[in-house]
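**Q** this one's structure only:
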């Protein structure tokens, strides 16, 4: 589903105009992004939980040259689907 398709579905389901649905989705994405940057955990019932985790630093090998590279630690977003979402897949 593309963003445009999602906006149209939100507009149809909520009885909003496409412009209002677009504004609502953009506000959600902005709020979601700022919460993730702060490291907050977001739980959405019937969808799942998003949380920020830290991936530790590690050494990897370039398969072409065999050279070892250091990959620094970084923060990543992890998602755990709600049981109601995965039921029946």
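**A** Now that the structure is in, tell me what you want to look at. Owing to the predicted nature of the structure, the values given are computational and were not obtained by experimental measurement.
**Q** Show residues contacting the helix or strand bottoming out on mean pLDDT in the chain.
**A** Least confident element among the helices and strands of the chain, by mean pLDDT, DSSP states H and E: helix 83-86 (a mean of 90). Contact with helix 83-86 is made by 46, 47, 48, as judged by Cβ atoms under 8 Å, 6 or more residues apart in numbering. Every residue, glycine included, has its C-beta placed from N, CA and C.
**Q** what number of residues lie near the residue lying closest to the first one once chain neighbours are set aside?
**A** If I follow you right, that is residue 46. For residue 46, ignoring the flanking residues on the chain, the nearest one in space by Cβ to Cβ, 6 or more residues apart in numbering is residue 84 at 4.9 Å. Residue 84 has 11 neighbours, counted by other Cβ atoms under 10 Å.
**Q** what about residue 21, how many neighbours?
**A** Look at residue 21: counted by other Cβ under 10 Å, it has 20 neighbours.
**Q** for it, helix, strand, or coil?
**A** Here residue 21 is helix, with the state taken from DSSP: H, G, I helix; E, B strand; the rest coil.
**Q** residues in contact with it?
**A** 7, 8, 10, 11, 14.
**Q** for the least confident helix or strand of the chain, the distance to its chain's centre please.
**A** Here helix 83-86 is found 17 Å from its chain centre; the criterion is Cα atoms, centre = their mean, to the nearest Å.
**Q** ok, and for it, which residues are buried?
**A** Residues of helix 83-86 classed as buried by neighbour count (16 or more other Cβ atoms under 10 Å): none.
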